[in-house]
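Trainee: Can you look at this prediction? I've put the sequence above it.
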Amino acid sequence: MNTYITGATIKTLRENKGLTQNELAAMLGVSDKAVSKWETAKGLPDITLIEPLAKALGVSVMELMSGDTVTNKNISANILRSRFYVCPVCGNIIRAMGDALISCCGITLPPLDAEEPDKDHSITIEKVEDEHFITVHHPMTKTHFISFIAYLTPDRVQFVKLYPEGNAETRLNLRGKGYLYIHCNKHGLMKLKI
């Protein structure tokens, strides 16, 4: 991520919005020469103009700062399109219904790519009454553990946060077809079709 806004980003966003330098300058209460200086990297917008500039260009401050705009391509909010993000600093887990620009602890988080569980992350599913008992055969130490188990279907999410030195197991209602997700803090996200 860039540490500050680039002129190329401002110019691209302004042109995408269909604004002239004069129109953008009028929206911000600055001269068109100031906008020209920003776009040619001969000057930078004042910090007090960051939020108004983002608003005028139709993006978030994070999108303006990073230069990466996020377009919602989801026609409908299908939960199966969910993406998971995990902060490497604090361990915060975020689920979004599609790609998103997620930031935590000052870091822009990439979405996790899910793989098939391997032999070191084998999963057992047993029916118990009207639920299913899910066990991930994996050590749960302070440095290597399963941080969550989730089950997603087109219309619902079941999510269980796990903690080190606990058990990598939970009970879930596995109704309908969906995907079971587990996240290992060392090996990443894994997905199993149910």
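Mentor: Right, received. Where do you want to start?
Trainee: ends of stretch 132-149, how far apart?
Mentor: For stretch 132-149, the first-to-last residue distance is 13 Å (C-alpha to C-alpha, to the nearest Å).
Trainee: And for stretch 34-50?
Mentor: For stretch 34-50, the first and last residues are 14 Å from each other (C-alpha to C-alpha).
Trainee: Please compute how far that stretch lies from its chain's middle.
Mentor: The offset between the C-alpha centroid of stretch 34-50 and the centroid of the whole chain comes to 29 Å, using C-alpha atoms, centre = their mean, to the nearest Å.
Trainee: Name the residues that touch that stretch?
Mentor: Outside stretch 34-50, the residues within contact range by C-beta atoms under 8 Å, 6 or more residues apart in numbering are 4-8, 10-11, 14, 21, 24-25, 28, 30, 53, 61, 64-65. For every residue, glycine as well, the C-beta is placed using N, CA and C.
Trainee: cool, stretch 56-64 as well?
Mentor: In this structure, residues lying in contact with stretch 56-64 by C-beta under 8 Å, 6+ apart are 5, 9-10, 13-14, 17, 19, 24, 27-28, 50-51, 53-54, 69-70, 101, 103, 108.
Trainee: Contact partners for the residue positioned nearest the centre of the chain?
Mentor: In the chain, the C-alpha nearest the mean C-alpha coordinate belongs to residue 102, at 4.1 Å (C-alpha atoms, centre = their mean). Neighbouring residues of residue 102 by C-beta under 8 Å, 6+ apart: 85, 94, 96, 108, 109, 111.
Trainee: change it to 6 Å
Mentor: Under the criterion of C-beta atoms under 6 Å, 6 or more residues apart in numbering, the contact partners of residue 102 comprise 85, 94, 109.
Trainee: again with residue 93
Mentor: 86, 148.
Trainee: can you do 10 Å?
Mentor: If you count contacts by C-beta atoms under 10 Å, 6 or more residues apart in numbering, residue 93 has them with 84, 85, 86, 87, 104, 112, 147, 148, 150, 159, 161, 183.
Trainee: quick one: the third one and residue 109 touch, right?
Mentor: Yes. Residue 86 lies in contact with residue 109 (C-beta atoms under 10 Å); the separation is 7.2 Å.
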